[in-house]
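In: Sequence first, then the predicted structure, then my questions.
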There are 4 protein chains.
Amino acid sequence: MALLMTIEQMHRFLQEVFPEVCNEFTVLALDEDELTVRLNVTQKHLRPGGTVSGPSMFALADVAFYLATLARIGPKALTVTTNCSIDFMRKPAPCNLIGKARVLKLGKALSVGDVMLYSEGMERPVAHANLTYSIPKD
Amino acid sequence: MALLMTIEQMHRFLQEVFPEVCNEFTVLALDEDELTVRLNVTQKHLRPGGTVSGPSMFALADVAFYLATLARIGPKALTVTTNCSIDFMRKPAPCNLIGKARVLKLGKALSVGDVMLYSEGMERPVAHANLTYSIPKD
Amino acid sequence: MALLMTIEQMHRFLQEVFPEVCNEFTVLALDEDELTVRLNVTQKHLRPGGTVSGPSMFALADVAFYLATLARIGPKALTVTTNCSIDFMRKPAPCNLIGKARVLKLGKALSVGDVMLYSEGMERPVAHANLTYSIPKD
Amino acid sequence: MALLMTIEQMHRFLQEVFPEVCNEFTVLALDEDELTVRLNVTQKHLRPGGTVSGPSMFALADVAFYLATLARIGPKALTVTTNCSIDFMRKPAPCNLIGKARVLKLGKALSVGDVMLYSEGMERPVAHANLTYSIPKD
């Protein structure tokens, strides 16, 4: 699927539509197969015991798949999550979290795909999210 | 299933294990069928357009089912989420969010159930979460 | 939500569109809150050890939610499953299986809800399915 | 993860524990990353309109992930599905179905992974299943 947005356009788009959280996320790489986003983990994302919180993992999965979808349909802010299912597999380390998003099916009404989440620098995934987004009609 | 914790014990437990977020949640009601928790929504939970953020909905579902499980097994902090699947059905209003949690199966190793999420005072649910928790061995 | 089909209309509809499986299913009850369907279990649904197979449970959940959706939108055969998530909680007894379906959100494009599955005559559910159907445009 | 079973051992195992369905499935390939299984589609798997039924897709996903797990833990027949979530993305062609299973996390109590489903000979997946299996204690 052809890409309609660059990484820089994504960063500007996040600043416009999600000013309160845009600094938490950095798009690291984008090609036709995969979009890679980093959650810049700070104290507020951590939990006692030295791990990243569940809502922070959800937030990264959601933003990564949102951007992967927008890369293919252009900046339609009203695109919304209809389902997100996350398997939590390993306890994340208390460091940045990386999300690698794939769009498996882009239809007219729905975008379906998944995001694998990793603690930065580690090989084994900490969680696997599957998401469906509803795409607004023009 | 018999209940092993009171609402007051749950609030004290949250203060001990999740001091950074415990004030966001208030347990409103508990019986053998259902646990009701309120997310006390503030500016940080909101998104532009006047709605509650996805990660905030996830957080409420996760805490509500965690407490519903602990009510039946006692305060075992190490109980962890293994899966959470959320259907987002309606845009939440920019007000408190209510979660109603049910434990559908309590096994030795897993607790399985769901949480219906509502904007406070409204009849139709905004989201429906299904969760599985892993229960540590003693 | 007003109901647009009767139980008899559902049985005729199943005979037309799914002649090969329609005799496996019997709609037992229908009101605005819930649709109840029975899987008439025979040898082909069973597995060694005396239990109902996973695909049979999936089939019942899928048919029950399909009919619950059609009850509200009328007989649109092209309505298709986009997601089905099942928590398997208890081993079913080798007898008929009952599915109780609820539509939690009926939108223009998607129908979202769940189905609780029981072994006939037993109180505790054996599985809980959550489904999303895509509704064709007229 | 080291592999404890060969393809031939898997076929014999299926014959022993699932004699009624073992001929429907053929394991095509197995390495440390992926297990590939074919559903040998016959009339009973088809639906009007020329497509493979949902329960047949479920059955393939379930068997493929079961075998991928057993390849790593050995032939423990009592291993059972606790969750299966399927995104249905494209209508399958009326031909054999291929499932490619990955084990993403093998713990002591749970095996977590996914299965991508394809119509044989086609590039784009028709469905994506995520599964969790519970592993019996020895």
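Out: Ah, there it is.
In: Which secondary structure element is home to the residue of chain A found nearest chain B?
Out: Ranked by C-beta to the nearest C-beta, the top residue of chain A for proximity to chain B is residue A:85, at 3.6 Å. Just so you know, the C-beta spots here come from the backbone N, C-alpha and C atoms, and that holds for glycine as well. Assigned by DSSP states H and E, residue A:85 falls within strand A:80-88.
In: Contact partners for the residue of chain A closest to chain B?
Out: A:129, A:130, A:131, B:83, B:84, B:85, B:86, C:85, D:85, D:130 (C-beta atoms under 8 Å, 6 or more residues apart in numbering or on different chains).
In: can those residues go into TSV with extra columns for distance to residue C:2 and pLDDT?
Out: Listed next are those as TSV, based on distance: C-beta to C-beta, whole Å; pLDDT from 0 to 100:
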residue	distance to residue C:2	pLDDT
A:129	37	98
A:130	34	98
A:131	33	98
B:83	35	98
B:84	34	98
B:85	30	98
B:86	28	98
C:85	28	98
D:85	31	98
D:130	36	98
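In: Which one of those is nearest to residue A:122?
Out: Nearest to residue A:122 among those: residue A:129, at 17.1 Å, using C-beta to C-beta.
In: Tell me the secondary structure at the closest one.
Out: strand (DSSP: H, G, I helix; E, B strand; the rest coil).
In: Same question for the one 4 residues further on.
Out: Per three-state DSSP, the secondary structure class of residue A:133 is strand.
In: Over to residue A:55?
Out: Residue A:55 - assigned by three-state DSSP - is helix.
In: Now do the helices in chain A.
Out: Using DSSP state H, the helices of chain A run over A:7-17, A:54-73.
In: Name the stretch among the ones you listed that sits most buried.
Out: Comparing those by mean neighbour count (mean count of other C-beta atoms under 10 Å in any protein chain shown), helix A:54-73 comes out on top with a mean of 25.
In: so what's residue A:138 scoring on pLDDT?
Out: Looking at residue A:138, its pLDDT is 68.
In: tell me which residues form a beta bridge with residue A:101?
Out: Bridge pairing for residue A:101 (DSSP bridges) gives the partners residue A:35, residue A:115.
In: residues near it, how many?
Out: 26 (other C-beta atoms under 10 Å in any protein chain shown).
In: returning to what we had before: in its sheet, what does the strand holding residue A:85 sit against?
Out: strand A:127-134 (antiparallel), strand B:80-88 (antiparallel).
In: mind listing what's buried in the last one?
Out: What it means is strand B:80-88. B:81, B:82, B:83, B:84, B:85, B:86, B:87, B:88 (16 or more other C-beta atoms under 10 Å in any protein chain shown).
In: One more: the first one?
Out: Buried residues in strand A:127-134, defined by neighbour count with 16+ other C-beta under 10 Å: A:127, A:128, A:129, A:130, A:131, A:132, A:133, A:134.
In: what residues are up against the closest residue to residue A:26 other than its chain neighbours?
Out: Of all residues not flanking residue A:26 in the chain, residue A:38 sits nearest, at 4.7 Å (C-beta to C-beta, 6 or more residues apart in numbering or on different chains). Residues counted as contacts of residue A:38 (C-beta under 8 Å, 6+ apart) are A:25, A:26, A:28, A:96, A:97, A:98, A:99, A:120.
In: how does it look with 6 Å?
Out: A:26, A:28, A:96, A:98 (C-beta atoms under 6 Å, 6 or more residues apart in numbering or on different chains).
In: What separation is there between it and residue D:77?
Out: 43 Å (C-beta to C-beta, to the nearest Å).
In: Make TSV out of the buried residues of strand A:127-134 and add distance to residue D:57.
Out: Below are the buried residues of strand A:127-134 laid out as TSV (distance: C-beta to C-beta, whole Å):
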residue	distance to residue D:57
A:127	25
A:128	20
A:129	21
A:130	16
A:131	20
A:132	17
A:133	22
A:134	23
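In: Sketch out the low-pLDDT regions of chain A for me.
Out: Filtered on pLDDT under 70, chain A yields the residue ranges A:138.
In: Any idea which residue is closest to the centre of it?
Out: Nearest to the geometric centre of chain A sits residue A:64, at 1.5 Å (C-alpha atoms, centre = their mean).
In: That one reaches residue A:115, doesn't it?
Out: Yes. Using C-beta atoms under 6 Å, residue A:64 is in contact with residue A:115, at 4.8 Å.
In: Tell me the residues that contact both of these two, please.
Out: A:99, A:101.
In: Close to chain D: what parts of chain A are there?
Out: Residues of chain A lying close to chain D (C-beta under 6 Å from any C-beta of the partner chain) are A:85, A:87, A:89, A:104, A:105, A:112, A:128, A:130.
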